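**Student:** just coords:
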Ligand code: PLP
């Protein structure tokens with residue numbers, strides 16, 4: 001028998017108990033009691049004891065417009081009253097409006113969208129379409145990348161979670177333009193090395209692989225989960241040129257970096273590069289209803305008028321998701337969110353750089369817009385990482401201690417290896433940015449204990 005609803009509302013302890021007993025949590029050993037969240041507004045959320053936390057992560061870097069944005073909430077309610085679901089082949093106002101809006105905000109000739117329920121499914125469809133369109137099989141993907149947790153997307157992923165995937169067919173790896181850790185670029189040369197300039201490294205790989213066998217290159221325009229790595233100017237253009245030379249499609253995964261996060265509508269706008277396929281999700285509707293999108297260029301859209309699209313989902317173009325996406329894009333425009341993200345990002349990066357100077361454990365502060373990484377080191381000169389790559393448990397203790405301290409002070413953060421990712425909602429208030437900086441300044445004293453002065 002289900003518990004009586006009145007009992008559920010009055011007793012919050014059962015939530016943790018049921019979570020432990022009956023719920024499987026992503027990427028975790030099970031059995032940990034969770035923090036129970038009872039409300040959220042703007043950049044803040046509150047737990048069942050009434051404690052408030054500033055969300056410096058936007059949860060999973062998806063709440064670009066913060067918690068409970070009224071325009072998105074109303075749009076979902078109105079759509080639910082009108083039409084909760086209709087099959088993907090039917091015409092629907094929310095679906096058509098979102099597809100048209102995406103064609104407007106995306107760069108160049110990107111014009112036609114397949115909707116999914118998230119980033120992984122959008123990447124799966126992008127890669128499958130690239131293979132059908134080109135008639136080739138191989139995909140070039142990078143090491144410091146995360147593309148999602150379904151079989152194909154995890155196979156594209158370069159971070160250690162790819163070991164959990166069944167062996168991916170036809171994925172070829174390339175290195176990342178990680179200048180801070182690149183042995184050639186970090187020794188004082190002014191121009192990026194062949195790897196960090198992109199094209200020469202890709203050309204060399206293609207020489208061995210045979211470009212005629214490669215369907216697509218897939219990249220995060222700015223690396224997210226794996227350390228907020230911003231490519232040097234010219235990198236994306238040079239990858240684009242090599243792709244064009246060999247008839248290879250360029251797929252940009254902007255599931256995290258897109259929709260205003262980097263201070264432009266899309267991160268590729270920073271370098272005026274237009275991909276053949278752009279993948280978005282997360283910030284597209286601030287994640288209020290599961291939504292992902294794969295948007296293709298005009299030549300691919302035209303090809304699809306003569307060739308069948310090789311994919312489909314029961315929830316492709318779900319009206320509730322599309323209505324929330326329309327509301328999110330309209331609010332982003334009306335509230336000047338992209339510009340605000342650029343300005344807040346400049347302010348936050350410059351404050352973090354100043355704070356970092358006082359802390360020997362801070363090696364690098366980097367990012368664009370509100371897509372910011374702080375990289376921690378044992379020694380600034382040698383750049384030895386504060387914790388090893390993919391460290392967990394005791395090995396990650398210096399980073400975990402800092403994140404835990406911040407949480408106790410009311411600041412919600414996340415880190416991967418030795419990089420702290422700072423990705424607050426794009427409409428965050430200046431006073432909240434200042435609160436976050438004050439807590440970080442104190443939290444970095446903990447990481448300093450493990451660094452050489
Ligand atoms: N691509 C990137 C760049 C991501 O950051 C993520 C998720 O974090 C994904 C794809 C997968 O998205 P989803 O979890 O919605 O499947």
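**Tutor:** Structure received. Since the model is a prediction, treat every value here as computed from it, not as a measurement.

**Student:** can you pull the contacts of whichever residue of the stretch 151-300 of the chain sits closest to the ligand?
**Tutor:** For the stretch 151-300 of the chain, the residue closest to the ligand is residue 255, as judged by Cβ to the nearest ligand atom, at 3.5 Å. For the C-beta atoms, the positions are set from N, CA and C on the backbone; glycine is no exception. Residues in contact with residue 255 (Cβ atoms under 8 Å, 6 or more residues apart in numbering) are 119, 122-123, 148, 220, 224, 279-282, 292.

**Student:** before we move on, what SS does it have?
**Tutor:** Following DSSP: H, G, I helix; E, B strand; the rest coil, we place residue 255 in the coil state.

**Student:** just to revisit the earlier point, wait, which of the contacts of residue 255 is closest to residue 431?
**Tutor:** residue 282 (25.6 Å; Cβ to Cβ).

**Student:** isn't the closest one up against residue 59?
**Tutor:** No: look at residue 282 against residue 59 with Cβ atoms under 8 Å: they stay out of range, at 9.4 Å.

**Student:** these two - which one has more neighbours?
**Tutor:** residue 282 (26 against 18; other Cβ atoms under 10 Å).

**Student:** mind checking pLDDT for residue 310?
**Tutor:** Listed pLDDT for residue 310 reads 95.

**Student:** so who does it touch?
**Tutor:** By Cβ under 8 Å, 6+ apart, the neighbours of residue 310 are 128-129, 132.

**Student:** got the phi and psi for it?
**Tutor:** phi -90, psi 60 (degrees, to the nearest 10).

**Student:** same check, this time on the one 5 residues further on
**Tutor:** Backbone dihedrals for residue 315, given as degrees, to the nearest 10, come out at phi -100, psi 20.

**Student:** report how many residues lie close to the residue nearest to it when sequence neighbours are not counted.
**Tutor:** Residue nearest to residue 315 in three dimensions, not counting chain neighbours: residue 117, with 5.2 Å by Cβ to Cβ, 6 or more residues apart in numbering. Residues lying near residue 117 (other Cβ under 10 Å) number 18.

**Student:** for residue 45, phi and psi?
**Tutor:** According to degrees, to the nearest 10, residue 45 has phi -130, psi 160.

**Student:** burial of it, as a residue count?
**Tutor:** 22.

**Student:** now do the same contact list for it.
**Tutor:** Contacts of residue 45 (Cβ under 8 Å, 6+ apart): 37, 39, 52-53, 55, 67, 412.

**Student:** restricted to buried residues, select these in PyMOL.
**Tutor:** This is the PyMOL syntax for the buried subset of the contacts of residue 45, where burial follows 16 or more other Cβ atoms under 10 Å:
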select buried, resi 53+55+67+412
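
**Student:** and the contacts of residue 45 as CSV, adding distance to residue 99 and secondary structure?
**Tutor:** Shown next, in CSV, are the contacts of residue 45 (distance: Cβ to Cβ, whole Å; DSSP: H, G, I helix; E, B strand; the rest coil):
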residue, distance to residue 99, secondary structure
37, 33, strand
39, 34, strand
52, 38, strand
53, 36, strand
55, 30, strand
67, 27, strand
412, 34, strand
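
**Student:** okay, buried residues for stretch 437-445 please.
**Tutor:** Result for stretch 437-445 [16+ other Cβ under 10 Å]: buried residues 437, 439-441, 443-444.

**Student:** same deal with stretch 164-181?
**Tutor:** For stretch 164-181, by 16+ other Cβ under 10 Å, it's 165, 168, 170-172, 174-181.

**Student:** lowest-confidence one in these?
**Tutor:** residue 168 (69).

**Student:** residue 335 is in contact with residue 425, isn't it?
**Tutor:** No: the pair residue 335 / residue 425 is not scored as a contact, 11.5 Å apart, by Cβ under 8 Å.

**Student:** ok, the two, which is more surrounded?
**Tutor:** residue 425 (29 against 15).

**Student:** phi first, then psi, for the residue nearest to that one when sequence neighbours are not counted.
**Tutor:** Distances taken as Cβ to Cβ, 6+ apart put residue 66 closest to residue 425, at 3.7 Å, once the chain neighbours are dropped. In terms of degrees, to the nearest 10, the main-chain angles of residue 66 are phi 80, psi -180.

**Student:** quick one, what contacts residue 66?
**Tutor:** So residue 66 contacts 41-43, 55, 58, 286, 425, 427-428 (Cβ under 8 Å, 6+ apart).

**Student:** that one and residue 288, how far apart?
**Tutor:** 11 Å (Cβ to Cβ, to the nearest Å).

**Student:** again, but for residue 378
**Tutor:** Taken as Cβ to Cβ, the span from residue 378 to residue 288 is 41 Å.

**Student:** neighbour count winner among these two?
**Tutor:** Just comparing residue 378 and residue 288: by other Cβ under 10 Å the higher neighbour count belongs to residue 288, 23 against 19.

**Student:** now, the most widely separated pair of the buried residues of stretch 164-181?
**Tutor:** 170 and 180 (30.8 Å).

**Student:** residue 412 reaches residue 57, doesn't it?
**Tutor:** Yes: counting by Cβ under 8 Å, residue 57 is a contact partner of residue 412 at 5.7 Å.

**Student:** run through who's touching stretch 235-248.
**Tutor:** So stretch 235-248 is contacted by 134, 136, 140, 177, 192, 196-200, 202-203, 206, 211-212, 214-217, 219, 221, 249-250, 268, 271-276 (Cβ under 8 Å, 6+ apart).

**Student:** continuing past the helix or strand harbouring residue 8, what's the next helix or strand?
**Tutor:** Using DSSP states H and E, residue 8 sits in helix 5-10. With elements assigned by DSSP H and E, the helix or strand that comes after helix 5-10 is helix 13-22.

**Student:** appreciated, that's everything.
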